[in-house]
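A.B. asks: Everything below, folded, please.
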Amino acid sequence: MGVFACAAAMLAGVIALGGDAAPGGEPQIVIVTPMQTPTSPLDALLTTPTPTLQVIQSGDNTFFDLQGPTLMPVIFTPTPMGIALGVTIRVDVDGGLNVRPQPTTDNTPLFQAQYGELFTVVEGPENAQGLTWWRIESLADPSRTGWAAGEFLLVVPPQ
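C.D. replies: Numbers count the residues shown, from 1 in each chain. You can find the predicted model right below:
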């Protein structure tokens, strides 16, 4: 942000001092390059090179060329949805997910849901044994219902 402010101030100064008049003499090139002297190897890894501003005058034109590091692009992603009643979820564990009659691992699984299989959340959450449990029901077969650990479920965004 400061670099842009400096560039704008320099441009305003050039215009205020008659930057629109035809310059005389040879074109001038000014290169400003700050020196960096890291004090430790960690500083060398953490310091970002300072951008370089080049002012190039040619004829009636003045050009400002800013060179140096660029910022990472900003990528906007939707806010992740949490598991809640009524949402559609999919199984996100290779090898299948044990779906149980109660929200605990102290019982025999009713069935094993396969990776990518879709369900609707019909009850929960219940916290037991360090896991958050949700009662799920298969979209393809409503008789396939039971409790599954939320850590292995992903919300399917509505379309």
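
A.B. asks: Just name the shakiest helix or strand of the protein by mean pLDDT.
C.D. replies: None of the helices or strands of the chain scores lower by mean pLDDT, DSSP states H and E than helix 41-46, at a mean of 57.

A.B. asks: Just the endpoints, please. Distance across stretch 115-133?
C.D. replies: 18 Å (Cα to Cα, to the nearest Å).

A.B. asks: Quick check: mean pLDDT of it?
C.D. replies: Across stretch 115-133, pLDDT averages out at 95.

A.B. asks: Okay, buried residues for it please.
C.D. replies: Residues E117, F119, T120, V121, G124, P125, L131, W133 are the ones in stretch 115-133 that count as buried (16 or more other Cβ atoms under 10 Å). For the C-beta atoms, the positions are set from N, CA and C on the backbone; glycine is no exception.

A.B. asks: got a list of what the first one touches?
C.D. replies: If I follow you right, that is E117. E117 makes contact with R90, V91, S138, A140 under the criterion Cβ atoms under 8 Å, 6 or more residues apart in numbering.

A.B. asks: what about it, distance to G96?
C.D. replies: Using Cβ to Cβ, to the nearest Å, E117 is found at 9 Å from G96.

A.B. asks: Can you pull the domain assignment for this protein?
C.D. replies: 2-67, 88-155 (automatic domain parsing).
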